[in-house]
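Novice: how would this look folded up:
(chains A and B)
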Amino acid sequence: MLDGGGYAAVGSSETFEEFYAREFPAVVGLAFALSGSRTASEDLAQEAFLAAHRDWDRVDRPDVWVRRVVSNMSTSMLRRRYAEARAITRLAFGTTMTMPELSADDAEFWAAVRSLPRRQAQVIALRYLDDRPVAEIAEILGTAEGTVKKHLHEGRQTIIRRLRLEEDAT
Amino acid sequence: MTFDTRSRQAAQGIRRAVEVMEMSSTKTPPRLTRFDRYQDGKSRNKRVAALTLGIAVSVLLVVTAVVVLGSKQDSNVSITSPTTSVPPPGTIGDSGRFREPFTYTLPLGWSFDSADPGWMSLNPPPAMERGTSFYVFSNMRATLPDCSDQPNQSVGSSSEAMTRWFSRHPALDATSPRPITLPGASGGWVDFKLAAGWDQSTCPHGLPLIMNPHGESWGFEHNTDMMRFYVLDLPDGNTVTIVVDVRHASNFQDVIGQVAPVVESFDFST
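Specialist: Coordinates of the predicted model:
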């Protein structure tokens, strides 16, 4: 278990339904940010929760686990395209929901994130969208904290250059 | 504007979009019920598939009985019975927008999912083990074995080169390549799972195995998976890779027993 970094650890008594109700909006948002697909994001999140549901008794930190799964699926082009194809099929039958479009500025920012190398994009989304501390991002992505910091730095610098942003005062 | 300000705004944009999506679902069931329906839908699909299969088996038994009785009654008239009079099971499908045209026969319960020039997928019946995936890719190359999503330039694109590579891949416990010949295509197949001794921490987010010319990769994302890759050489010099991805290796042989006839029905000569 992590120290939590301000996040309540998932207790063993929590039901899957409680976990799902709490985490779904954040996970579908993460899928949206990383995939860029308004139609596929719900499907990607559902797939991650379905996998968690299947292994509910064996998953130690389901909040970490679903984020790991959805981060990987959302940045895997082939998986994402498959999810999108299924979501569009369901959309045709009126059984799925679609995200509204982002503003041009927000869409530009997340497009810049998605243009980063895969791991940098995941780190940026987990840090700035999901508000995860570095230690927890390292847990989610299965990497060292130093590596997360490196990806954060490189990703930030790239986006600052591409979007012509100002350096933050430190 | 600073990065932190811009990122906060962009994060708020995503959160608002999710909220709007959730609010727009008031006409549909709320999210918990929706997930239940998601699960129920899968269960219902299984029940429908089982019912359909039961009806089909019943019909087949009746037809068989009629044919057998009919052949006994006619045995004094003719000792040969044309086997082609029995229609093939399932339906004939085509490859849609997939780059390499082919046809196939789908058993009961299978369905076409989607296709574009580079890939195509078929849906196995819901009753088949959950998590089984069936994909057909065009012109895939082997990736480096270091998780880097980069093409392995030392491995050729032919069926022989690809299947030999996967049979010796350092991260895989694989069978030797076996040949397969289909109308209009030939090549080989190999079964594999992650090697027990392979250090998964080297690729914590999955092991890429193949990638298309656009850099999109496919590989292991679950360490319980077991896969079969069919790699086929076509007369035009292109290749087709058929991937059967089974979520749990313990069910692999059962699943392959149902999937292999679908692959063997592929006809690239049309």
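Novice: tell me the contacts of the nearest residue to residue A:158 once chain neighbours are set aside?
Specialist: Once flanking residues are discounted, residue A:158 sits nearest to residue A:116: 6.0 Å by C-beta to C-beta, 6 or more residues apart in numbering or on different chains. Quick note: C-beta positions are derived from backbone N, CA and C, even for glycine. By C-beta atoms under 8 Å, 6 or more residues apart in numbering or on different chains, the contact set of residue A:116 is A:124, A:155, A:158, A:159.
Novice: Tell me the spacing between the third one and chain B.
Specialist: Per C-beta to the nearest C-beta, to the nearest Å, residue A:158 is found 11 Å from chain B.
Novice: in a helix, that's where that residue is, yeah?
Specialist: Yes - looking at residue A:158 with DSSP: H, G, I helix; E, B strand; the rest coil, it is inside a helix.
Novice: Can you tell me how far it is from residue B:163?
Specialist: For residue A:158, the distance to residue B:163 equals 39 Å [C-beta to C-beta, to the nearest Å].
Novice: so where's the chain shaky on pLDDT?
Specialist: I'll assume chain A. Within chain A, the stretches with pLDDT under 70 are A:1-12, A:77-98, A:167-170.
Novice: ah, no, chain B please
Specialist: Low-confidence segments of chain B (pLDDT under 70): B:25-90, B:129-131, B:200-206, B:214-216, B:221-222.
Novice: Direction included, what does the longest strand along chain B pair up with?
Specialist: Longest strand in chain B, counting residues (DSSP state E): strand B:185-194. Strand B:185-194 has the following strand partners under DSSP bridges: strand B:172-174 (antiparallel), strand B:178-182 (antiparallel), strand B:226-233 (antiparallel).
Novice: what are the pairing partners of the following helix or strand past the last one, and which direction each?
Specialist: Heading C-terminal from strand B:226-233, the first helix or strand you meet, by DSSP states H and E, is strand B:239-246. Paired strands of strand B:239-246, with direction, are strand B:133-138 (antiparallel), strand B:226-233 (antiparallel) (DSSP bridges).
Novice: what about strand B:239-246, distance to the chain center?
Specialist: Mean-position distance between strand B:239-246 and its chain equals 7 Å (C-alpha atoms, centre = their mean, to the nearest Å).
Novice: And for stretch B:113-122?
Specialist: Using C-alpha atoms, centre = their mean, the offset of stretch B:113-122 from its chain centre is 10 Å.
Novice: hang on, the earlier thing: what about residue A:158 and residue B:163, which has more around it?
Specialist: Set side by side, residue A:158 and residue B:163 show more neighbours around residue B:163, with 25 against 17, by other C-beta atoms under 10 Å in any protein chain shown.
Novice: related to what we said a few turns ago, which of the strands paired with strand B:185-194 has the highest mean neighbour count?
Specialist: For the strands paired with strand B:185-194, average neighbour numbers computed from mean count of other C-beta atoms under 10 Å in any protein chain shown are highest in strand B:226-233, which has a mean of 24.
Novice: hmm, who's touching that strand?
Specialist: Residues outside strand B:226-233 that contact it (C-beta under 8 Å, 6+ apart): B:158-159, B:162-163, B:166, B:180, B:182, B:185-193, B:209-210, B:220, B:239-246, B:248-249, B:252, B:256, B:259, B:263, B:268.
Novice: now the residues you listed: which count as buried?
Specialist: Using 16 or more other C-beta atoms under 10 Å in any protein chain shown as the burial test, these include B:159, B:162-163, B:166, B:180, B:182, B:185, B:187-193, B:209-210, B:220, B:239-246, B:249, B:252, B:256, B:259, B:263, B:268 as buried.
Novice: near chain A, which residues of the stretch 51-200 of chain B show up?
Specialist: For the stretch 51-200 of chain B, the residues in contact with chain A (C-beta under 8 Å from any C-beta of the partner chain) are B:113, B:114, B:116, B:119, B:121, B:130, B:135, B:149.
Novice: so the fifth one makes contact with residue B:110?
Specialist: Read it as residue B:121. No - if you go by C-beta atoms under 8 Å, residue B:121 and residue B:110 don't touch, sitting 11.2 Å apart.
Novice: Is there a neighbour count for residue B:111? I'd like the number.
Specialist: For residue B:111, the count of nearby residues is 12 (other C-beta under 10 Å).
Novice: And the strands in the stretch 51-200 of chain B?
Specialist: For the stretch 51-200 of chain B, the strands defined by DSSP state E, counting those that start in this stretch cover B:91-94, B:103-106, B:111-116, B:119-123, B:133-138, B:141-142, B:172-174, B:178-182, B:185-194.
Novice: Nearest the middle, which residue of chain B would you pick?
Specialist: Closest to where the C-alpha atoms of chain B average out (C-alpha atoms, centre = their mean) is residue B:134, at 0.3 Å.
Novice: Residue B:245 versus that residue, what's the distance?
Specialist: In this view, residue B:134 and residue B:245 are 8 Å apart by C-beta to C-beta.
Novice: and residue B:102, what is it in contact with?
Specialist: By C-beta under 8 Å, 6+ apart, residue B:102 lies in contact with B:94, B:95, B:184, B:185, B:266, B:267, B:268, B:270.
Novice: List the residues that contact the closest residue to it other than its chain neighbours.
Specialist: Distances taken as C-beta to C-beta, 6+ apart place residue B:268 nearest to residue B:102, at 4.5 Å, with adjacent residues excluded. Residue B:268 makes contact with B:100, B:101, B:102, B:182, B:183, B:184, B:185, B:232, B:234, B:240, according to C-beta under 8 Å, 6+ apart.
Novice: same thing but at 6 Å, please
Specialist: By C-beta atoms under 6 Å, 6 or more residues apart in numbering or on different chains, the contact set of residue B:268 is B:102, B:184, B:185.
Novice: Can you tell me which residues in chain A are near chain B?
Specialist: Residues of chain A lying close to chain B (C-beta under 6 Å from any C-beta of the partner chain) are A:17, A:20-21, A:24-25, A:28-29, A:32-33, A:72, A:77-78, A:85, A:97, A:99-100, A:102-103, A:106, A:109, A:128-129, A:142, A:156, A:160, A:165-166, A:168.
Novice: could you flag which of the residues you listed are buried?
Specialist: With burial judged by 16+ other C-beta under 10 Å, the buried subset of those is A:20, A:24-25, A:28-29, A:32-33, A:72, A:77-78, A:85, A:97, A:99, A:102, A:106, A:109, A:128-129, A:156, A:160, A:165.
Novice: Among those, which ones are in helices?
Specialist: Among these, the members falling in helices (DSSP state H) are A:20, A:24-25, A:28-29, A:32-33, A:72, A:77-78, A:85, A:106, A:109, A:128, A:156, A:160.
Novice: Most neighbours among the contacts of residue A:116, which one?
Specialist: The most neighbours of any of the contacts of residue A:116, using other C-beta under 10 Å, belong to residue A:124, which has 28 neighbours.
Novice: How about residues contacting the helix or strand where that residue lies?
Specialist: If you go by DSSP H and E, residue A:124 is part of helix A:118-128. With contact meaning C-beta under 6 Å, 6+ apart, helix A:118-128 is reached by A:30, A:33-34, A:71, A:75, A:113-114, A:132, A:137, A:148, A:151-152, A:154-155, B:7, B:11.
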